[in-house]
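Engineer: here is a sequence with its predicted model. Questions after.
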Amino acid sequence: MKKQHKIRQLMKALTEKKVSHFSMRKSGKRWITRSAIVLALAGGTGLIAVVNPSLISTVAHALTLPPGNTQIGSIGSSPVIQTSNNSFASMQPLFDSLIGTQQPEYIVGDTIDGSGGKNVGWHNNTTYAGTAISDANSKINGTSGLSYWSIYYGLNKKDGFQDGDTFNYVGKGQAVAIHNVGTAYNTATKKHVPIGMKVTINDATYYDSTTSTTPRNVFDDGFRLLVAGRNNGGNVTLGYMVSMDGIANPGTGQGSEGGGSGGAGGDTLGAASGIPRSVAITSTIVDETTGNPLPQNSLTAMKVADIDAGQAAGLGSVNQLGYIVSKPTNLTIKDNVLTATGNNTVVEDSNHLSPYSYIALYTGASTFINFDDTNGNQQQGSIVQDLFGNLGPTSPREPLGFIEIDKTTIQYGKDLPNNLYDFQDISFDVLDSTGKKVDTLKLDSSGKSVKSKGLPPGKYTLHETSGKWSSTGQTVLPDFTVEVKAGDTTTAKPKNTAVTGEISIKKSGVESGDAMWNENYTLEGTTFKLTSKTDGKTYTAVIGKESNGEWKTTVKDLPLGTYTIEETKASPGFTNTFEKKEVTLSYKDQHTEIVFGDAKGTNQEVKGENTLKKSDNETGTDQNGKGVLKTAKYAYFHDDDSTGSSPHKKGDPVKWSEKPAPKLLAGEVVHSAIIGGNPVSYGDNVVIDVDDESLTAALGNLAAGKYYSVEVDAGEGYVTDPIKHYFEIKKQDDKTQNIVTPESSSKEQLIKAKVSIEKKVTLPDSQGGSGYNGIEFTGEAMEGTIADPVKFVTGVNPNTGDDGYASQELAYGDWKITETKGVEGYENIDPIYIHMETDTEKDILTISASHNEDFSKPFSKRTFSLKDSSTESNPNGEGTVGEVTPEVPTISLSTLHFNDNPTPEKVPSIDIEKANDKIPEPGEGNFKDKDNNGGENDRDTPDTALEVESGKTTAIKFRFTNNGTEALSHLTVSDKTIEGKIDVKDIVWTFKGEKLSVNKDGELTTKDGKLLVLQPDEFVTGEGTLPELTDGKLHGDEVTVGGIGVDSGKEVGDSDKWYGKPKEEAPSIDIEKADTKAPEAGEGNHKDKPNNAGENDHDTEDTAKELEENKVTEIFFTTTNNGTEPLTHLKIVDKTIAGKVDVKDIKWTYKGKILKVNKDGELTTEDGKLLVLNPGETIEGKGTLEGLAAGDIHGDNVSVDGVGVHSGKKVGDDDNWYGKVKPKTLIEKTKVILPKTGEEKTLWSLAGLGMLLAALAVWQRDKLKAMLNKIKR
């Protein structure tokens, strides 16, 4: 009853709505094939050009895939891979990657392993038992079964089924069998077995009318499925229709995909055809030899092809290894099922994976397949599936093994030190058991290779090769064996020996070589930095102890490359002068593990110098007294013990022959000297006389160590410095080669002389006298002696108690002692001259006292012996009064006794002198001196006037002297011009180097404003300037001085005249004219004779210059002031005196500048001022003489006139110049006829007339020609 009820409902639905056509999804040329499941092997790689977002969103993980393949999602736990290698012929690597390490018992459709295998598909021997479509009506039983036309419109018309294809009706759980669809490979027996395919119907749904939107279950409604099978290009193609048994075929309104109402005749046979929505089946692979399904551990690949738009083609999710889709693809993951997008249906079978297909890889003999039209009721008449097909060379196969290389080096692992090492140029040949090369694995920069191609399990030999060993930096490995296991990747990890190098560095001293001078020197500890220019890495090397006479270090295990070697730390006693070296460690061959390099270098030994500065302990380097510092001598000594190549003991003298040899830096080498009166030879010992200018002794090139210097001979006037001056040469740093020790300072003690004086005042007429206190004497250093004045003041003698005693020490030298404060009414004593001198050959010092300035006739004298550094007495000391030593650096004179007599009357007097050069000595003064009393510079009269240089000033010097015995003050001085109008100017008066001033009363004052007081014998100097005597006249001036005696109040005065005159001027001028360079100036002033200047001076017609016909000639003029007075108002005129051609375009220049001519014909400068031609100056002129015709002559006269600037005298000169062109000669041929007697006169007259006419003709012709040439010009 339930079934009848359902049938009635369905019939009602069919009759309520009549539809003339079913779905048009497969209309026109786009109709190809329904879905198919194809067993195939596929491989390849690729990327998705357009990725469906639903696929990206489900990406869960990534596989290790061959290039060109990308995981774009997952169904369950199975990856969905998109490949860009859509060709089945290139999919094997991808297939192998998905199979991975599976170990199946059977491989379905394996065409690679074994022999004779077939892919899964519809072959020539494939069979599907059933009823032919053409015989469909024979299976109709009333309203059960579908008619031929229903099948035709449901399958044949659009899905490609043919009348000869067979079909069966099945219910739920029933199966159909398709025999001999291919083979399966038994991995145990290595044989193929024939297989068939069992298709079990699990379930199906349909729509019961064209308007229904809710699918119904086919089997629940008591209906059956029609399952048709056919060979569609090698694919196993299954078509499904719903036979609504019990419901009559209405002829229209069914799912028939474009069918009519039961055919052309409106066929209503059999049952109605339902509109299928989904079909779920189980595909099982069966062993044809046993009839049993293959075991579950079987490997199967299934291609699900030609999925219509909106269809979801899902497989069982158990044991799926992965899904492969094409690029691009029209499939998307929807509800965990691959579903076709769009609204098109495509039936296609090709040699590549299409956008409407996918491949599923799984383990097992069976898989669930469900096709569902998710677009709903499209009035489709059937569901079609394509299963398996011929896929070319690709198939599932037994899992292979792989080899990959992961290579390292023993020393560096994978971290190769620089670009001289590389893995990329290394490959490994893979050799099978027969020695055949089956693959080559090339390493990348990390030492890794890609996986080998799939290899059958077994043992393989790896043979290392390289076409460029030198770039690898490694040695070659011997061959080695690896074992490949099925499904596994064997990673070989060979280790090569990287080629390394050793660098040896040998070091020595620049001067000492390997033999050190002393303990302060060693090369041990010298540190180097090696820097690889190849990779920048650095290494350190340190030199150890001396070995076998060498100082060296070796750095091992260095990577190949170029190294710079720099010293970073020098050893004791040396500076870092090691020049940067460069050593290259180069690859030799693949069998040499170590290469070698070496470097040599030197370091400069540290040496040093010492400078000793000599000075006076009171005045420094300034002269003290008459002492001589520049002859001091110093000896040098060692202050330590030393072995080595230059051994010595403490206290040994430094020798010039030491290692290194000392060098003199300042001073002079001393070979011998007089020491304490004894001659001493120093030989090889270092003794230095200080430098005369710097007062230093400097010694350099000294080895490191301790030293001292000591003075052995003092300079004149000094005792030796007993102090030892220590210094040490010690390394400072690695850069400083020369150690400059602190300067030593040797301070000298000048010898002092003790001078004692006893002074008495005597009564008139020598009646007696007494010592007198308070009298002052002043000692002043004489020429050659430098010292401050020393004052003696008499007082009580501490030894005798007598008055008039004074004592002072005088510096070694020469002194003048003057009584500077005596007793009123008594005359001071005459000066006393103290003289000290040393006999340097005997080391004897003498001191004396004399009244004479030249120290002659001394009235007191003593001698002393000098010891210097000698420990013995002076052998020349006999007769001396004592020794001078550093402990007793003084000498003395016997006490000097002096008397003061009564003072004579004071007389004031003054003298003044004036000169243009050295000032004469003072005369008598007081207006008493005669003219020119001072000699040739004393120009007191016009007759003796100085002839001053023209254009120059003259220095005038003055000096007035107090030549009396009384001091003068209120001093006035004036200079007055007494001849001419030019004064002596800018007179400056000085006294003892200080400029004097003049107060309001005209009196001379000092800088403090006080009146100048001029003591007897003192003088004042003055200097002024006489300007140039531009007026040309005699100059005379008189200087007058006046003063008043300080004590007497008497006025005194004096005067002196001086005359000067300009040199007498003589105006003169000369002019010369020539056709080449103008001749030198002659006497001028119209006095020169013709042709006075030589061959170019063509002053007469007879000496005329021979010119070329019609050729222009340049004429040169030179006007010279050959006098002694400047000239002006200069006029130059050139006038033609022979011929008719003038000299033209004459231009006059002065000092390279063109002159002008004013309205008066006078030469002016560019600014219009009259030219002034100074003595010796010239005016140059240049003009042009046009060409002359043959026979023409030219003469012109140039004249010059001028006026003396000072004298007003007129001068002038002139010069002629002649030029001519030779006339042309007329030559005629005549008959030689002797005249008859009486005809001679007539014949000669005729001949003369002919010659005259010919000459006139030539003259006319040349004249005409010259005129024509002139016109042309």
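Structural biologist: Noted; the coordinates are in hand.

Engineer: the residue lying closest to Gly1139 once chain neighbours are set aside and Glu1180, how far apart?
Structural biologist: Of all residues not flanking Gly1139 in the chain, His1194 sits nearest, at 4.0 Å (C-beta to C-beta, 6 or more residues apart in numbering). (Each C-beta comes from the backbone N, C-alpha and C, glycine too.) Using C-beta to C-beta, to the nearest Å, we find His1194 at a distance of 22 Å from Glu1180.

Engineer: looking only at neighbour counts, state which of those two leads.
Structural biologist: Taking neighbours as other C-beta atoms under 10 Å, His1194 and Glu1180 compare with His1194 leading, 26 against 16.

Engineer: I figured that one hits Leu1188, correct?
Structural biologist: Yes. Taking C-beta atoms under 8 Å as the definition, His1194 is a contact partner of Leu1188 at 6.0 Å.

Engineer: what touches both of these two?
Structural biologist: 1139, 1141, 1219-1220 (C-beta atoms under 8 Å, 6 or more residues apart in numbering).

Engineer: now do the helices in the stretch 451-600 of the chain.
Structural biologist: 469-472 (DSSP state H, counting those that start in this stretch).

Engineer: dump the residue contacts of Thr64.
Structural biologist: Per C-beta under 8 Å, 6+ apart, neighbours of Thr64: Ser97.

Engineer: part of a helix, is it?
Structural biologist: No. Read with DSSP: H, G, I helix; E, B strand; the rest coil, Thr64 is coil and lies in no helix.

Engineer: re the thing from before, what's the average pLDDT for the helix or strand containing the residue nearest to Gly1139?
Structural biologist: Under the criterion of DSSP states H and E, His1194 resides in strand 1193-1204. The average pLDDT within strand 1193-1204 is 92.

Engineer: list the neighbouring strands of that strand plus their orientation.
Structural biologist: strand 1127-1138 (antiparallel), strand 1210-1220 (antiparallel) (DSSP bridges).

Engineer: just checking, Gly314 touches Leu338?
Structural biologist: Yes. With contacts counted by C-beta under 8 Å, Gly314 reaches Leu338, the gap being 7.3 Å.

Engineer: okay, these two: which has more neighbours?
Structural biologist: Leu338 (25 against 22).

Engineer: retrieve the pLDDT associated with that one.
Structural biologist: So, for Leu338, pLDDT stands at 92.

Engineer: bridged to it, which residues?
Structural biologist: Beta-bridge partners for Leu338, by DSSP bridges, are Ile333.

Engineer: quick one: it from Leu996, how far?
Structural biologist: 128 Å.

Engineer: where does the prediction get shaky in the stretch 1051-1200 of the chain?
Structural biologist: Applying pLDDT under 70 to the stretch 1051-1200 of the chain flags residues 1078-1079, 1093-1096.

Engineer: can you show me the strands along it?
Structural biologist: 1051-1062, 1070-1074, 1105-1106, 1113-1120, 1127-1138, 1143-1150, 1153-1154, 1156-1157, 1163-1164, 1178-1185, 1193-1204 (DSSP state E, counting those that start in this stretch).

Engineer: mind listing what's buried in the strand holding His1194?
Structural biologist: 1194-1198, 1200-1204 (16 or more other C-beta atoms under 10 Å).

Engineer: same deal with stretch 578-586?
Structural biologist: 578, 581, 583, 585.

Engineer: and those residues as TSV, adding pLDDT and distance to Lys957?
Structural biologist: Formatted as TSV, the buried residues of stretch 578-586 follow (pLDDT from 0 to 100; distance: C-beta to C-beta, whole Å):
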residue	pLDDT	distance to Lys957
Phe578	88	70
Lys581	88	75
Val583	91	81
Leu585	86	87
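
Engineer: quick one: which of these is nearest Val193?
Structural biologist: Checking the buried residues of stretch 578-586 against Val193 with C-beta to C-beta, the nearest one is Leu585 at 66.4 Å.

Engineer: would CSV of the buried residues of strand 1193-1204 with distance to Ile956 be doable?
Structural biologist: Shown next, in CSV, are these (distance: C-beta to C-beta, whole Å):
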residue, distance to Ile956
His1194, 60
Gly1195, 57
Asp1196, 54
Asn1197, 51
Val1198, 47
Val1200, 40
Asp1201, 40
Gly1202, 35
Val1203, 33
Gly1204, 29
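
Engineer: tell me which of those residues is nearest to Thr1120?
Structural biologist: Distances from Thr1120 to these, taken by C-beta to C-beta, are shortest for Val1200, at 9.6 Å.

Engineer: what sits opposite that closest one in the beta ladder?
Structural biologist: Here Val1200, judged by DSSP bridges, has bridge partners Ile1132, Asp1213.

Engineer: then Leu155 would be within a helix, right?
Structural biologist: Yes. Assessed with three-state DSSP, Leu155 lies in a helix.

Engineer: tell me how many other residues crowd it.
Structural biologist: 29.

Engineer: quick check: it touching Gly239?
Structural biologist: Yes. Applying C-beta under 8 Å, one finds Leu155 in contact with Gly239, separated by 4.6 Å.

Engineer: between those two, what contacts are shared?
Structural biologist: 161, 228, 382, 384.

Engineer: could you dump these to CSV with neighbour count, secondary structure and distance to Glu827?
Structural biologist: Compiled in CSV, these are given as follows (neighbours: other C-beta atoms under 10 Å; DSSP: H, G, I helix; E, B strand; the rest coil; distance: C-beta to C-beta, whole Å):
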residue, neighbour count, secondary structure, distance to Glu827
Phe161, 25, coil, 173
Ala228, 29, strand, 174
Ser382, 26, coil, 170
Val384, 32, strand, 166
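
Engineer: want to throw those into CSV with distance to Thr440 and pLDDT?
Structural biologist: Output for the shared contacts of Leu155 and Gly239, formatted as CSV (distance: C-beta to C-beta, whole Å; pLDDT from 0 to 100):
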residue, distance to Thr440, pLDDT
Phe161, 52, 92
Ala228, 53, 97
Ser382, 54, 90
Val384, 48, 90
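
Engineer: and which of these is nearest to Asp415?
Structural biologist: For the shared contacts of Leu155 and Gly239, the nearest to Asp415 is Val384 (62.0 Å; C-beta to C-beta).

Engineer: what is the closest one paired to in the beta sheet?
Structural biologist: Going by DSSP bridges, Val384 forms beta bridges with Gly239.

Engineer: make sure it is actually in contact with Thr237.
Structural biologist: Yes. Val384 is within contact range of Thr237, at 6.6 Å (criterion: C-beta under 8 Å).

Engineer: do you have the helices of the protein handy? List them.
Structural biologist: Ranges of helices within the chain are 2-16, 53-56, 92-99, 148-151, 157-159, 469-472, 1240-1272, based on DSSP state H.

Engineer: go through the ones you listed and find the least confident stretch.
Structural biologist: Among these, helix 53-56 scores lowest, with a mean of 28.

Engineer: for Gly804, give its distance to Ala661.
Structural biologist: Look at Gly804 and Ala661: by C-beta to C-beta, they are 64 Å apart.

Engineer: who has more neighbours, these two?
Structural biologist: Neighbours were counted for Gly804 and for Ala661 using other C-beta under 10 Å; Gly804 has more, 24 against 13.

Engineer: pLDDT at the nearest residue to the more buried one once chain neighbours are set aside, what is it?
Structural biologist: The shortest distance from Gly804 to any non-neighbouring residue, by C-beta to C-beta, 6+ apart, is to Gly771 (2.8 Å). Per-residue pLDDT puts Gly771 at 86.

Engineer: wait, isn't Gly771 in contact with Asp802?
Structural biologist: Yes. Checked against C-beta under 8 Å, the pair Gly771 and Asp802 is within contact range at 5.0 Å.

Engineer: check contacts around Ala849.
Structural biologist: The contact partners of Ala849, by C-beta under 8 Å, 6+ apart, come to 755, 832-835, 858-861, 893, 896.

Engineer: nearest to Gly1168, of those?
Structural biologist: For the contacts of Ala849, the nearest to Gly1168 is Tyr833 (74.0 Å; C-beta to C-beta).

Engineer: list buried residues within the shared contacts of His1194 and Leu1188.
Structural biologist: If we count by 16+ other C-beta under 10 Å, those have these buried: 1139, 1141, 1219-1220.
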